[in-house]
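Engineer: show me how the following folds:
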Amino acid sequence: MLAEVRAAGYTGSARSLRRAVAVSKKRWRAQRRVYRPWVPVPGEHLVFDWTTEGGWQVFCAVMAWSRWRFVRVARDQKA
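Structural biologist: Numbering: from 1, shown residues only. As a prediction, this is how the structure comes out:
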């Protein structure tokens, strides 16, 4: 990187460049978004979906916290 910035007109030392990059990285890290994992609460979220497989309707529900699955096969989605 030093060769590239020198070609662009930088006249300082390699150590000064490292310091400048470190300050810039510190500022960037301070303002960037922090990603936190989603932690579901037991019994609060249920994800479900219907699909068609071989002419049958398949219902699947998954409890988000425990990952417990409930699957049923039906002729249609009316029941």
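Engineer: quick one, what contacts E44?
Structural biologist: By Cβ atoms under 8 Å, 6 or more residues apart in numbering, the contact list for E44 reads A64, W65. C-beta here means a position set from N, CA and C on the backbone, and glycine is covered the same way.
Engineer: just the element for it, please.
Structural biologist: According to DSSP states H and E, E44 maps onto no helix or strand at all.
Engineer: from L2, how far out is the residue lying farthest from the centre of the chain?
Structural biologist: No residue in the chain sits farther from the centre than T11, which is 40.9 Å out by Cα atoms, centre = their mean. Using Cβ to Cβ, to the nearest Å, T11 is found at 11 Å from L2.
Engineer: tell me how far the residue farthest from the centre of the chain lies from L17.
Structural biologist: From T11 across to L17, the span is 11 Å (Cβ to Cβ).
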